[in-house]
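**Q** here are the coordinates; sequence isn't available:
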DNA sequence: AGACAGAACTTGGTCCTACAAGCCAGCGGG
DNA sequence: CCCGCTGGCTTGTAGGACCAAGTTCTGTCT
């Protein structure tokens, strides 16, 4: 339950769009109208509309009434943070099988990504994730000790790590993802029950708390035929970019 | 040059962060300070900060000074819209080779994606895109007639379609992307000079103008070893989601 | 009927004020 | 010397006002 009025209003509008009160293509009520009906100032109404506009749900240009663009889609970041949450939202039963869990010194890459000094400990977790019993992805995560030391309190086969850690005051606030395509290694293929060489989506993820202190560094590989990523973006703001992979080609 | 003051301020701040005036981890000046120094109201300053916050460049929570999280990355949507623009920004020379260009009736999928009625015409363009002469991706795009009929005025081997169309008043304002991994088909492999079966990133893109009217529907495949997608997102807003690919598995 | 000009409406941008909520540093007490 | 508390700073939210710029509708004139 968002405390802020404008978040509340935004949610209300989103719901109204979702349940068909404002079908795609229809014109939304004016700021003035909403502000009267909802008892909020125009300023607050604008902030609510801005939120919807930002994720491309409605159009908005000067002089013209706002228009509904499309159905609202699955809701963004909260799903991205958690495999479990996402799985439930699409009506699948999430589960996991711990392949490896150990505490060890950080590798060079991990130390760099987690901003650790050489030799510091990390908790390294490899899990096979399943959707309704079928393998969907492999998660290889190094947790900074601050977060990793709490992993013992989490039922890794059934619970969501990030949901659980929130209860201990660890919040996954920012994330940087890199997505590329790779052919399945023998190990990946075996775990995912796919053909060796099958196309997989590899996601590198670096998650930090609100202050930008790294919490986890993860390499996840998804079965290419089970999962896709989708992004909606608009002119104004959109944090998606292509990256160039520098590599020699013979 | 953005007309609005807050956009200007946001750009200024972004630059200041980029050139090291505010290194990662450092604390940014307070709203009050910026508003005095820049001669803008607190409201305007807040909007500028909000923009930076939204793409995960700075942290921002109540009571505490904002902190720089990371270097600013390549700038998002404008790059995403245009292969050419992106290529130039990473210091590569973009080029293209037209493989096919035709006007024909829309397929069923195209008609649905472009919101056309059966039998309407689309302009279908297949281009091989190169980075400094090396194949990087194949672009298979169906343009709604409104945009497609202007393609004749574009030098497809050298110019950027979307940059050019802007001059005719066609703006690519919203886009929905879906990204997955596939193995290269024989044709893809040949064009991209890759092994058949190599892992490729496939992006489906549906772009609309600001009113949500579809402009193009495209299927792009990238060499997995040449391109990666990267996304930065934060708790508040971030339009990335996983999608479940529904497909029978024997 | 159709074209055009203007009025009314609507959104975009900026500034102001006020208060609430959270953080932090510095001060004082143990 | 260390700990804890408090008061001031900083950000979050909300409301109000004004003008600019663009759209839409209306009514009139041809």
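**A** On my side now, so go ahead. Because the structure is predicted, anything quoted here is derived from the model rather than measured.
**Q** switch to C-alpha atoms for all contacts and neighbour counts from now on
**A** OK.
**Q** Could you list the low-confidence segments of chain A?
**A** Within chain A, the segments meeting pLDDT under 70 span A:1-2, A:70-81, A:89, A:163, A:166-167, A:169, A:232-250.
**Q** So which bits of it are right by DNA strand D?
**A** A:3-7, A:39-44, A:61-65 (C-alpha under 7 Å from any atom of the strand).
**Q** now the helices: where do they sit in chain A?
**A** A:5-18, A:31-38, A:42-54, A:76-81, A:83-89, A:108-113, A:145-148, A:161-167, A:186-192 (DSSP state H).
**Q** any chance of these in JSON lines, with mean neighbour count too?
**A** What follows is those, written out as JSON lines (neighbours: other C-alpha atoms under 10 Å in any protein chain shown):
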{"stretch": "helix A:5-18", "mean neighbour count": "17"}
{"stretch": "helix A:31-38", "mean neighbour count": "14"}
{"stretch": "helix A:42-54", "mean neighbour count": "19"}
{"stretch": "helix A:76-81", "mean neighbour count": "20"}
{"stretch": "helix A:83-89", "mean neighbour count": "20"}
{"stretch": "helix A:108-113", "mean neighbour count": "16"}
{"stretch": "helix A:145-148", "mean neighbour count": "19"}
{"stretch": "helix A:161-167", "mean neighbour count": "16"}
{"stretch": "helix A:186-192", "mean neighbour count": "16"}
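**Q** wait, which of these is closest to residue B:30?
**A** Proximity to residue B:30 (C-alpha to C-alpha) singles out helix A:42-54 among the helices of chain A, at 21.9 Å.
**Q** near DNA strand C, which residues of chain A show up?
**A** Counting by C-alpha under 7 Å from any atom of the strand, chain A sits next to DNA strand C at A:28-32, A:43, A:46, A:60-66.
**Q** Can you list the residue ranges for strands in chain A?
**A** A:58-59, A:67-68, A:94-105, A:121-131, A:134-144, A:174-183, A:199-208, A:214-223, A:227-234, A:240-244 (DSSP state E).
**Q** Highest mean neighbour count out of those strands?
**A** Per residue and on average, the most neighbours among those fall to strand A:58-59, with a mean of 28 (mean count of other C-alpha atoms under 10 Å in any protein chain shown).
**Q** Tell me which other helices or strands that strand touches.
**A** Here strand A:58-59 touches strand A:67-68, going by 3 or more C-alpha pairs under 8 Å, 6 or more residues apart in numbering or on different chains; DSSP states H and E.
**Q** Give me the phi and psi angles of residue A:107.
**A** Main-chain dihedrals, residue A:107, degrees, to the nearest 10: phi -70, psi 170.
**Q** That one: neighbour count?
**A** Each residue near residue A:107 was counted by other C-alpha atoms under 10 Å in any protein chain shown, and the total is 16.
**Q** could you check the distance from it over to residue A:58?
**A** With distances taken as C-alpha to C-alpha, to the nearest Å, residue A:107 is found 46 Å from residue A:58.
**Q** same deal with residue A:142?
**A** To residue A:58, residue A:142 is 39 Å away according to C-alpha to C-alpha.
**Q** Could you dump the helices of chain A into JSON lines and include distance to residue B:131?
**A** Formatted as JSON lines, those follow (distance: least, C-alpha to C-alpha, whole Å):
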{"stretch": "helix A:5-18", "distance to residue B:131": "41"}
{"stretch": "helix A:31-38", "distance to residue B:131": "47"}
{"stretch": "helix A:42-54", "distance to residue B:131": "32"}
{"stretch": "helix A:76-81", "distance to residue B:131": "31"}
{"stretch": "helix A:83-89", "distance to residue B:131": "35"}
{"stretch": "helix A:108-113", "distance to residue B:131": "28"}
{"stretch": "helix A:145-148", "distance to residue B:131": "41"}
{"stretch": "helix A:161-167", "distance to residue B:131": "39"}
{"stretch": "helix A:186-192", "distance to residue B:131": "31"}
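**Q** nearest to chain B, of these?
**A** Closest of the helices of chain A to chain B is helix A:76-81, at 5.1 Å (criterion: C-alpha to the nearest C-alpha).
**Q** Residue A:111 is in contact with residue A:118, isn't it?
**A** Yes: between residue A:111 and residue A:118 there is a contact under C-alpha atoms under 8 Å: 6.5 Å.
**Q** Give me the nearest residue to the residue of chain A found nearest DNA strand D, chain neighbours excluded.
**A** Among the residues of chain A, residue A:5 lies closest to DNA strand D, at 2.9 Å counting by C-alpha to the nearest atom of the strand. Among residues not flanking residue A:5 along the chain, residue A:44 sits closest, at 7.5 Å (C-alpha to C-alpha, 6 or more residues apart in numbering or on different chains).
**Q** which residues touch the one you found?
**A** A:5, A:6, A:35 (C-alpha atoms under 8 Å, 6 or more residues apart in numbering or on different chains).
**Q** burial measure for residue A:212, as a count.
**A** 22.
**Q** Thought residue B:59 was touching it, still the case?
**A** Yes: at 7.1 Å, residue A:212 and residue B:59 qualify as touching, with contact defined as C-alpha under 8 Å.
**Q** Need the residues touching each of those two.
**A** residue B:69.
**Q** nearest spatial neighbour of residue A:147, skipping sequence neighbours?
**A** Closest to residue A:147 by C-alpha to C-alpha, 6+ apart is residue A:215, at 6.4 Å.
**Q** which residues does that neighbour contact?
**A** A:114, A:143, A:144, A:146, A:147, A:172, A:206, A:207, A:208, A:209.
**Q** rerun at 7 Å
**A** A:114, A:143, A:144, A:147, A:207, A:208, A:209 (C-alpha atoms under 7 Å, 6 or more residues apart in numbering or on different chains).
**Q** ok, so of these, who is nearest DNA strand C?
**A** Using C-alpha to the nearest atom of the strand, the contacts of residue A:215 come closest to DNA strand C at residue A:209, 12.0 Å.
**Q** do stretch A:130-146 and chain B meet?
**A** No: counting by C-alpha under 7 Å from any C-alpha of the partner chain, chain B is not contacted by stretch A:130-146; separation bottoms out at 9.8 Å.
**Q** Please tell me how far the residue nearest to residue A:193 when sequence neighbours are not counted sits from chain B.
**A** Spatial nearest neighbour of residue A:193, chain neighbours left out: residue A:135 (7.1 Å); criterion: C-alpha to C-alpha, 6+ apart. Noted for residue A:135: a distance of 12 Å to chain B, by C-alpha to the nearest C-alpha, to the nearest Å.
**Q** Does residue A:135 touch residue A:97 like I think?
**A** No: Residue A:135 lies out of contact with residue A:97 (C-alpha atoms under 7 Å); the separation is 9.8 Å.
**Q** Would you check that residue A:178 makes contact with residue B:228?
**A** Yes: here residue A:178 reaches residue B:228: they are 6.5 Å apart, a contact under C-alpha under 7 Å.
**Q** returning to that earlier point: mutual contacts of residue A:135 and residue A:97, please.
**A** A:128, A:129.
**Q** tally of neighbours for residue A:118?
**A** 13.
**Q** Verify the stated contact: residue A:212 with residue B:67.
**A** No: judged on C-alpha under 7 Å, residue A:212 makes no contact with residue B:67 at a distance of 8.2 Å.
**Q** Can you get me a residue count around the closest residue to residue A:190 other than its chain neighbours?
**A** In space, and not counting its chain neighbours, residue A:190 is closest to residue A:196: 7.8 Å by C-alpha to C-alpha, 6+ apart. For residue A:196, the neighbour count with other C-alpha under 10 Å is 15.
**Q** which residues touch residue A:196?
**A** Per C-alpha under 7 Å, 6+ apart, neighbours of residue A:196: A:184, A:185, A:186, A:189.
**Q** Look up how far chain B lies from it.
**A** From residue A:196 to chain B the distance is 11 Å (C-alpha to the nearest C-alpha).
**Q** Please apply the same query to residue A:4.
**A** 13 Å.
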